[in-house]
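In: take a look and give me a structure for this.
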Amino acid sequence: MYSAILLLCSLEMNQCKTIVNPGLYDNLNLCLQSLALGYAAAEEAGWTVMNYTCLDWETKEFKINPDKS
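Out: Next up is the predicted model:
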């Protein structure tokens with residue numbers, strides 16, 4: 001299971017925050033698709049995306065590369 005996580009900052013509001021999609025994904029590729037949508041939505045809302053990742057809840061590793069399977 002994977003979670004999509006983004007770190008966002010706003011110079012105008014002088015703040016940063018993390019957002020996590022509340023959904024869990026069965027594979028890394030689905031999580032990465034969610035990250036892409038969240039990235040675009042955050043930028044459209046005026047946030048700067050500082051970093052992003054998918055958390056693998058089984059291994060507790062952060063991943064941004066698609067599965068080869």
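In: where's A42, which helix or strand?
Out: Using DSSP states H and E, the secondary-structure element containing A42 is helix 28-44.
In: on contacts alone, who are the packing partners of that helix?
Out: strand 2-10, strand 48-56 (3 or more CB pairs under 8 Å, 6 or more residues apart in numbering; DSSP states H and E). Using the backbone N, CA and C atoms, a C-beta is placed for each residue, glycine as well.
In: what's in contact with the lowest-mean-pLDDT helix or strand in the chain?
Out: For the chain, the helix or strand with the lowest mean confidence is strand 61-63, at a mean of 83 (criterion: mean pLDDT, DSSP states H and E). When contacts are defined by CB atoms under 8 Å, 6 or more residues apart in numbering, strand 61-63 is touched by residues 2, 28, 53-56.
In: can you check stretch 32-51 too?
Out: With contact meaning CB under 8 Å, 6+ apart, stretch 32-51 is reached by 4, 6-12, 16, 19, 21, 23, 25, 52-54, 64, 66.
In: chain neighbours aside, what residue packs nearest to the residue of the chain most remote from its centre?
Out: If you look at how far each residue of the chain sits from its centre, by CA atoms, centre = their mean, the farthest one is E12, at 21.9 Å. By the measure of CB to CB, 6 or more residues apart in numbering, the closest residue to E12 outside its immediate chain neighbours is G46, 7.2 Å from it.
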